[in-house]
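1. Got a predicted structure here, sequence first:
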Amino acid sequence: MTKPNQIADTAVAKRSRSSPTMDKEAESNGSLPDGPPDSPDSALGASASSPDEVNGDDDTYICTLGPETQKKAENELGETDLVRQLAIMNLKKRMEQRSDIKFCHDERFLLRFLRAKKFEVERAFNSIVKYHELHIKHPDFFKDYKPTAIKHVLDDGFPMVLSQLDEEGRPVIAMKAVGSWDPKKYSVVDIAKAVFMVMENLVEDDEVQVNGVVLLVDLDLIGPSHAITFSPSVAKKLTTIFQNCVPVRLQGIHFINEPLVMDAVFTCMKPFMQDKIKDRMLMHGSNFESLKCYIPLSILPTEWGGEAGPYDIDNTAWKKEFLSIDHEFSPITDDAIVKKKKKKKLGLKRATKGTVKRIAKIAGKKSGARKVYEADKAKEEEKSRKQSKTGMKTSKSSFF
């Protein structure tokens, strides 16, 4: 059985060859068709002329899956050599229709999204678009996005990868709150960063892309001071980033020793979770008998009723390997999305003030002319009255 350390070695080698970098030029202009394709088959593209067109550059994918995993990929994901080549080709064509985004075209990078979405090109494309957009929307989260930046989290024991894979060939990412997490020193966002980076590193491996990963979280010793860091806004942010920026098949999320205070946290997070993620969340409490139905005892630490020895907070070998990959995980740069210049709009107060001035100016001119007109009219009326009085006096003297 392959060990996670071997997977990590493979991932390091692949990442050094295929770390996604942004294209230097924007893609050709085009309009985005409305609506998704009618079916996964149509997403693969009947218009594709030849799968060989995919194999035109150094970023071409070469399958490294073993025979058993290839069969699993075909049964669960619908992946065959032809399907894979056509899907990659049509995904690239789809990307050409978004000239505002500088996509990474490395096929090994694109394949993560295709496998996570079972080779439905439209879903994979939407996921990649969201991936790019969220990197721009949350620069604070992706700033300094590399292993050494979260070493303080790893030193506190979470997360770590168990030394053996489960029976389905999946690595198990474990976290145990050992009482060393001080929320005043760093927030849950740092922990989330660490988990996301570990998953991204694992998913570099083809086998993990097909088999998926399992998350195991021990919430013992978590109290109100920790739970309060999970505000609704933080819960929404982390859930959205995870579901769109980590193209991984998350096959199970197991919580043990969860305190009552975590009920409020789960309540905050669930509205932002996809249904399939919620369905894969299991609460075991302190019942390790139910846990062993999903994760074999042979790979579980003794603290959780397993046979693999005590939970190794230092996990020196794995942590040293992970920290050695000290580079930017994110392929996104500040100019990844060509930002369109927005026309400046006058604010309501500014527009109102300008309008009032113009009206007042015009009104002032009209007011001045009106005053001159009314003064002249008054003079005429006064003259007319005087003439009328003079005429009346002349008439009276004649009469008498």
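-> Structure's in. What do you need?
2. Surely residue 208 and residue 170 touch.
-> Yes. Under the criterion of CB atoms under 8 Å, residue 208 makes contact with residue 170 at 7.4 Å. For glycine as for every other residue, the C-beta is placed from the backbone atoms N, C-alpha and C.
3. quick one, which of these two is more surrounded?
-> Neighbour totals were compared for residue 208 and residue 170, and residue 208 leads with 27 against 22 (other CB atoms under 10 Å).
4. tell me the contacts of that one?
-> 7, 170, 171, 202, 248 (CB atoms under 8 Å, 6 or more residues apart in numbering).
5. switch to 6 Å and redo it
-> residue 202 (CB atoms under 6 Å, 6 or more residues apart in numbering).
6. and it, backbone torsions?
-> The phi and psi torsions at residue 208 (degrees, to the nearest 10) take the values phi -70, psi -40.
7. what separates it from residue 218, distance-wise?
-> As defined by CB to CB, to the nearest Å, residue 208 lies at a distance of 23 Å from residue 218.
8. Next: residue 304.
-> 7 Å.
9. Next: residue 86.
-> 44 Å.
10. Same check on residue 114?
-> Distance from residue 114 to residue 218, by CB to CB: 34 Å.
11. what's the answer for residue 98, then?
-> Distance from residue 98 to residue 218, by CB to CB: 42 Å.
12. Residue 223 versus residue 156, what's the distance?
-> Taking CB to CB, one finds residue 156 at 15 Å from residue 223.
13. So between those two, which is more surrounded?
-> residue 156 (21 against 12).
14. Might you report the residue contacts of that one?
-> Residue 156 sits next to 180, 181 when contact means CB under 6 Å, 6+ apart.
15. Got the phi and psi for it?
-> According to degrees, to the nearest 10, residue 156 has phi -80, psi 0.
16. quick one: average pLDDT of stretch 90-101?
-> Per-residue pLDDT over stretch 90-101 has a mean of 92.
17. How about that stretch, which residues are buried there?
-> With burial defined by 16 or more other CB atoms under 10 Å, the residues of stretch 90-101 counted as buried are 90, 91, 92, 93, 94, 95, 98, 101.
18. Apart from its chain neighbours, what residue comes closest to residue 230?
-> Excluding the flanking residues, the one nearest residue 230 by CB to CB, 6 or more residues apart in numbering is residue 265, at 4.4 Å.
19. What helix or strand is that neighbour located in?
-> helix 262-269 (DSSP states H and E).
20. elements contacting that helix?
-> In terms of contacts (3 or more CB pairs under 6 Å, 6 or more residues apart in numbering; DSSP states H and E), helix 262-269 is packed against helix 232-245.
21. Counting by contacts, list what the helix it packs on packs against.
-> helix 121-137, helix 262-269.
22. rerun at 10 Å
-> helix 121-137, helix 139-142, helix 188-202, helix 262-269, helix 275-279 (3 or more CB pairs under 10 Å, 6 or more residues apart in numbering; DSSP states H and E).
23. Please identify which of those helices is closest to residue 376.
-> helix 121-137 (67.3 Å; CB to CB).
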